[in-house]
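Student: Need a 3D model of the following:
(one chain, ligands or ions: 1)
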Amino acid sequence: MVQNQKVKVSDLTQYGICPRLVYFHAREPEHAELIRSGNERSMIERILLKELAFNLHKIREDLKKGEDPKEDAKSIIKDIADDVECIYKKELSEVAEDVLDDVKREFITRMTEDEEWSRKLLAGNELLELEEIHGYDREHTMVSEKLSLSGSVDKLINTDNEVIPCMIKTGKCPEYGVWRSDRVQLAAYALLIEEEFKTTVQRGFVEYIRTAKFRESPIRRKYRARVLQTLKHVKRIKNGAFPEKGVNAPCDNCAFVDRCDTKKTLLSVLFRK
Ligand code: SF4
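Tutor: As a prediction, this is how the structure comes out:
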């Protein structure tokens with residue numbers, strides 16, 4: 001009998017990278033933790049960038065009004081770097097102090113010297129204005145019993161007329177619009193919001209924080225359907241089905257590569273392939 005597996009929005013994202021990652025993460029969460037701690041510097045950098053995105057309104061205010069705006073923004077960026085140890089206690093607990101200090105120093109220097117980044121932030125756009133006017137709920141968690149899906153959206157903006165999901169991304173920004181995987185993720189949050197708030201979500205935003213690019217994306221039918229389809233696949237995998245590799249599976253950098261090959265060999269033997 002198929003169990004009613006609970007799925008997180010992050011499982012859907014993982015499926016998009018490689019379906020087998022869902023399989024291994026579900027069975028070996030400790031190994032996944034180990035992988036994360038192997039990429040300490042990039043993990044710390046992602047955390048710092050994410051916190052930066054949660055403080056854009058403060059930096060923007062100071063850039064707008066300060067007598068020496070650069071110095072004011074610099075002190076906010078330093079505060080962000082100081083606060084991450086408390087906010088991300090669990091994630092940073094195994095990180096050596098000197099590595100953390102080093103990444104923080106680099107981050108403060110880079111962000112305070114990046115004039116292009118400050119200029120884009122100061123120029124503003126609809127998303128920054130919506131955040132300024134309505135504020136946002138940080139890491140709002142939603143659960144749908146109907147879909148057996150849960151997720152925590154980075155920023156949830158609730159205006160009088162609409163509820164808007166907003167995701168913070170620390171990777172590269174596409175030339176136009178948002179990445180396809182981000183559209184699917186936004187659609188998944190839209191389905192959760194619609195159930196909780198009894199509304200229809202028309203659009204979402206992605207903050208590509210590294211380059212201060214803020215992109216709007218409509219929640220299209222096509223991506224809603226993709227979420228439901230992926231959800232079914234993920235549930236099957238969590239129930240034990242071993243999936244095919246993803247088309248662009250990043251095997252070279254995958255810490256499950258040994259397990260993946262072994263599993264494949266075992267299946268090959270079983271099915272005499
Ligand atoms: S080794 Fe490749 S196919 Fe296997 S889980 Fe990792 S990315 Fe996917």
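Student: which ones are touching Glu244?
Tutor: By CB atoms under 8 Å, 6 or more residues apart in numbering, the contact set of Glu244 is 19-20. Where you see a C-beta, it was placed from the backbone N, CA and C, and this is true even at glycine.
Student: can we see that at 10 Å?
Tutor: By CB atoms under 10 Å, 6 or more residues apart in numbering, the contact list for Glu244 reads 18-20.
Student: Highest neighbour count among those residues?
Tutor: Neighbour counts for the contacts of Glu244, by other CB atoms under 10 Å, peak at Arg20, which reaches 24 neighbours.
Student: wait, what's in contact with that residue?
Tutor: Applying CB under 10 Å, 6+ apart, the residues near Arg20 are 14, 237, 242-246, 249, 251, 254, 256, 259-260, 263-264.
Student: Val153 bridge partners, please.
Tutor: When bridges are called by DSSP bridges, Val153 pairs up with His140.
Student: Would you check that it makes contact with Glu139?
Tutor: Yes - with contact defined as CB atoms under 10 Å, Val153 reaches Glu139; the gap is 7.4 Å.
Student: So which of these two has more stuff around it?
Tutor: Val153 (27 against 12).
Student: From the ligand, how far out is the more buried one?
Tutor: Val153 is 26 Å from the ligand, where distance means CB to the nearest ligand atom, to the nearest Å.
Student: helix, strand or coil for Met167?
Tutor: strand (DSSP: H, G, I helix; E, B strand; the rest coil).
Student: number of nearby residues for it?
Tutor: 20.
Student: Next up, the contacts around it.
Tutor: So Met167 contacts 9, 53, 153-155, 178, 182, 185-186, 189, 204-208, 217 (CB under 10 Å, 6+ apart).
Student: Out of these, list just those in helices.
Tutor: Among the contacts of Met167, the members found in helices (DSSP state H) are 9, 53, 182, 185-186, 189.
Student: tell me the two of these that are most distant?
Tutor: The largest separation in the ones in helices among the contacts of Met167, counting by CB to CB, is between Val9 and Ala53 at 17.9 Å.
Student: And the two? Which one has more around it.
Tutor: Between Val9 and Ala53, Val9 has the larger neighbour count (other CB under 10 Å), namely 24 against 21.
Student: Verify the stated contact: that one with Val227.
Tutor: Yes - Val9 lies in contact with Val227 (CB under 10 Å); the separation is 8.8 Å.
Student: so what sits against both of those two?
Tutor: Here Val9 and Val227 share the contacting residues 149, 184-189, 191-192, scored by CB under 10 Å, 6+ apart.
Student: contacting residues around Ser121?
Tutor: Actually, residue 121 is Leu rather than Ser. 52, 56, 59-60, 63-64, 73, 114, 128, 209, 212, 214.
Student: make it 6 Å
Tutor: By CB atoms under 6 Å, 6 or more residues apart in numbering, the contact list for Leu121 reads 60, 212.
Student: Same question for Met142.
Tutor: Neighbour list for Met142: 192, 196 [criterion: CB under 6 Å, 6+ apart].
Student: Tell me where the stretch 151-273 of the chain is predicted with low confidence.
Tutor: 262-273 (pLDDT under 70).
Student: Start from the N-terminal end of it and give the strands.
Tutor: 163-169, 203-208, 213-218 (DSSP state E, counting those that start in this stretch).
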